[in-house]
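1. Okay, structure incoming, though there's no sequence with it:
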Ligand code: A5A
Ligand code: MG
Ligand code: ZN
């Protein structure tokens, strides 16, 4: 196990994010702290999506014949599908698949729903669990067999152009989402051999985890008319003709939470952006026998103000254990701000504010307005965390001029390496083998008279490679 993977497992357990001891490989239990983080992340996501999508909920099970209809799609997923064969003692005459993703559950219904061009565009999403019998090494939140938090959006449009524009829109929505979590990313178009089964093309977001390997954290697919033809999703145009719709779909998963934890965490444990932390503030009263009640009263007033006027989530930790133990626990759990308050602070009309992100203490004056300065600190934490993550991320993206240099850099430093490439599949796969990496994808940027780093023919794309999860 790598150092990061050890840290990751330890923190998932100690911070009570998930319990991985559930007796099915790749399937885990969300614990209360983890569940709170997940809920807060989903709130942000729903707020963004609800601006232009509607949320729906489809059944978990997909009939065998529907799943099999789209040939390329089913080929891509056949080795990963879980099957239900029995209802009680009765063998089903039609097997039922646990959805690995919901195209083949949704699109037969879309075919019933879409009638006229006036119905379009339609933009739906659902957040559900999906099942994939992954054969690669499973890892909590990163590669699971029950993806417990699968957000999939599905859109339909009249024209090819509109679908292409929706891809751009989806990328913008995801950028906003990742930005708000301080998760840095690169966006590339996946090579043809790595696109979503059935898609015309796939755009992907990748981030870098602390061990230098990249993690795909979101994908946006332009499906063209492939599924529309298979599932007969047509609309009537203004002139009365019947046309197939153009479709897109885009998805996110538990990996968002994995990267949130991995990217912001440190040797003390979790470090959570204020917007998704279970509590933004924890108050620890420093109690000595004589002054206990007065200190607690002050703490409760602060909690009240922060909650009612500040609309913050606050935990007053008045447990009868050593303050040092509380500090350790809340630091490990990544709570952004800790307020410490004892008799001496009250005397001096001060309170101590500890920032989890930079481990620094500030003294705030007690009395007048505690809400504004605490909110300011939370904002600083948010932007500091984002900047820090981006700085490290950018340091881990470098350009190279030769295959040998790519190989040496990746071996030594991991991260993302980029160069110019011809775009040919044979050359690309040869490159992947030589450098022991994956081609993440390409960006539309041409060198004036550049040559492919590998085969020497004309270069077409800026191309990013890395060791991937
Ligand atoms: N229907 C489309 C959106 C779809 O299924 N796309 S996808 O296959 O690319 O999955 C969407 C996202 O789910 C991926 O970008 C990846 O971030 C995540 N994902 C895929 N398999 C996963 C797994 N086994 N565990 C955790 N996350 C996974
Ligand atoms: Mg897969
Ligand atoms: Zn080439």
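-> Arrived safely, thanks for sending. None of these values were measured; they are calculated from a predicted model. Ligands and ions are numbered 1, 2, ... in the order given.
2. quick one: stretch 131-141 near ligand 1?
-> Yes: using C-beta under 6 Å from any ligand atom, stretch 131-141 reaches ligand 1 at 132, 134. For every residue, glycine as well, the C-beta is placed using N, CA and C.
3. Give the rounded mean pLDDT of that stretch.
-> If you average the pLDDT over stretch 131-141, you get 97.
4. Likewise for stretch 359-367?
-> For stretch 359-367, the mean confidence score works out to 92.
5. just stretch 299-319 next, same as before
-> 97.
6. got the end-to-end distance for that stretch?
-> 13 Å (C-alpha to C-alpha, to the nearest Å).
7. Setting aside sequence neighbours, what's the nearest residue to the residue of the stretch 51-200 of the chain found nearest ligand 3?
-> Proximity of the stretch 51-200 of the chain to ligand 3 (C-beta to the ion) peaks at residue 191, 12.1 Å away. Excluding its sequence neighbours, the residue lying closest to residue 191 (C-beta to C-beta, 6 or more residues apart in numbering) is residue 439, at 5.2 Å.
8. need the contact list for the one you found.
-> Residues in contact with residue 439 (C-beta atoms under 8 Å, 6 or more residues apart in numbering) are 191, 194, 421, 428, 431, 432, 463, 464, 465.
9. again with residue 77
-> 67, 100, 101, 132, 197.
10. with the residues you listed in mind, which one is nearest to ligand 1?
-> Proximity of the contacts of residue 77 to ligand 1 was ranked by C-beta to the nearest ligand atom; the top entry is residue 101 with 3.5 Å.
11. So the spatially closest residue to the closest one that is not a sequence neighbour: helix, strand or coil?
-> Excluding the flanking residues, the one nearest residue 101 by C-beta to C-beta, 6+ apart is residue 130, at 5.8 Å. When classified by DSSP: H, G, I helix; E, B strand; the rest coil, residue 130 comes out as strand.
12. Identify the bridge partners of residue 130.
-> Beta bridges link residue 130 to residue 147 when assigned by DSSP bridges.
13. Flag every buried residue along the strand or helix carrying residue 383.
-> Element membership of residue 383, judged by DSSP states H and E, is helix 371-395. By neighbour count on 16 or more other C-beta atoms under 10 Å, the buried set for helix 371-395 is 371, 374-375, 377-378, 380-382, 385-386, 388-390, 393.
14. which of these are close to ligand 3?
-> Subset of the buried residues of helix 371-395 in contact with ligand 3: empty, counting by C-beta under 5 Å from the ion.
15. Which of those sits closest to ligand 3?
-> residue 393 (27.5 Å).
16. Contacts only, for the closest residue to that closest one other than its chain neighbours.
-> Distances taken as C-beta to C-beta, 6+ apart put residue 184 closest to residue 393, at 3.7 Å, once the chain neighbours are dropped. Applying C-beta under 8 Å, 6+ apart to residue 184 gives the contacts 178, 207, 208, 263, 389, 390, 393, 394.
17. Please repeat the previous calculation with a cut-off of 6 Å.
-> 389, 390, 393 (C-beta atoms under 6 Å, 6 or more residues apart in numbering).
18. If I look at the residue in the chain positioned nearest to ligand 1, what pLDDT would I see?
-> Going by C-beta to the nearest ligand atom, ligand 1 is nearest to residue 251 of the chain, at 2.8 Å. Looking at residue 251, its pLDDT is 98.
19. tell me which element it is part of?
-> strand 246-252.
20. What values do phi and psi take at the residue nearest to residue 393?
-> Backbone torsions for residue 184, taken as degrees, to the nearest 10, come to phi -80, psi 160.
21. Make 34 the starting number, not 1.
-> Done: numbering now begins at 34, and the last item shifts to residue 217.
22. Distance-wise, check it relative to residue 52.
-> 29 Å (C-beta to C-beta, to the nearest Å).
23. repeat for residue 287
-> From residue 287 to residue 52 the distance is 14 Å (C-beta to C-beta).
24. Which one of these two is surrounded by more residues?
-> residue 287 (24 against 14; other C-beta atoms under 10 Å).
25. Isn't the more buried one up against residue 174?
-> Yes: Residue 287 lies in contact with residue 174 (C-beta atoms under 6 Å); the separation is 4.5 Å.
26. Quick check: bridge partners of the closest residue to residue 283 other than its chain neighbours?
-> Nearest non-adjacent residue to residue 283, counting by C-beta to C-beta, 6+ apart: residue 253, 4.1 Å away. Note on residue 253: beta-bridge partners residue 236, residue 283, judged by DSSP bridges.
27. How many residues are close by residue 253?
-> Counted with other C-beta under 10 Å, residue 253 comes out at 26.
28. on that earlier part again, now the contacts of residue 472: which count as buried?
-> Buried subset of those (neighbour count, 16+ other C-beta under 10 Å): 224, 227, 454, 461, 464, 465, 496, 497, 498.
29. As CSV, the residues you listed with distance to residue 447, pLDDT and secondary structure would be great.
-> CSV is the format used below for the buried ones among the contacts of residue 472 (distance: C-beta to C-beta, whole Å; pLDDT from 0 to 100; DSSP: H, G, I helix; E, B strand; the rest coil):
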residue, distance to residue 447, pLDDT, secondary structure
224, 20, 97, coil
227, 20, 96, helix
454, 20, 95, strand
461, 20, 98, helix
464, 17, 97, helix
465, 16, 98, helix
496, 17, 96, strand
497, 13, 98, strand
498, 11, 98, strand
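30. ok, of the residues you listed, which one's closest to residue 443?
-> Closest to residue 443 out of the buried ones among the contacts of residue 472 is residue 498 (7.3 Å), distances taken as C-beta to C-beta.
31. Contacts only, for the closest one.
-> 450, 470, 472 are the contacts of residue 498 under C-beta under 6 Å, 6+ apart.
32. my guess is the last one is in a helix, correct?
-> What that stands for is residue 472. No: assigned with three-state DSSP, residue 472 falls outside any helix and is strand.
33. Distance check, it against residue 365.
-> Residue 472 is 38 Å from residue 365, by C-beta to C-beta.
34. The stretch 34-183 of the chain: strands as residue ranges?
-> Per DSSP state E, counting those that start in this stretch, the stretch 34-183 of the chain carries strands over the ranges 51-52, 62-63, 87-88, 94-96, 116-120, 123-131, 155-164, 179-190.
35. Name the residue closest to the centre of this structure, please.
-> Centre of the chain computed as the mean C-alpha position; nearest residue by C-alpha atoms, centre = their mean is residue 289, 1.9 Å away.
36. what sits against that one?
-> Residue 289 neighbours (C-beta under 6 Å, 6+ apart): residue 250.
37. these two touch, right, residue 264 and residue 144?
-> Yes: Residue 264 is in contact with residue 144 according to C-beta under 6 Å; the separation is 5.1 Å.
38. Please identify which of the two sits among more neighbours.
-> Each of residue 264 and residue 144 has its neighbours counted (other C-beta under 10 Å); residue 264 has more, 22 against 16.
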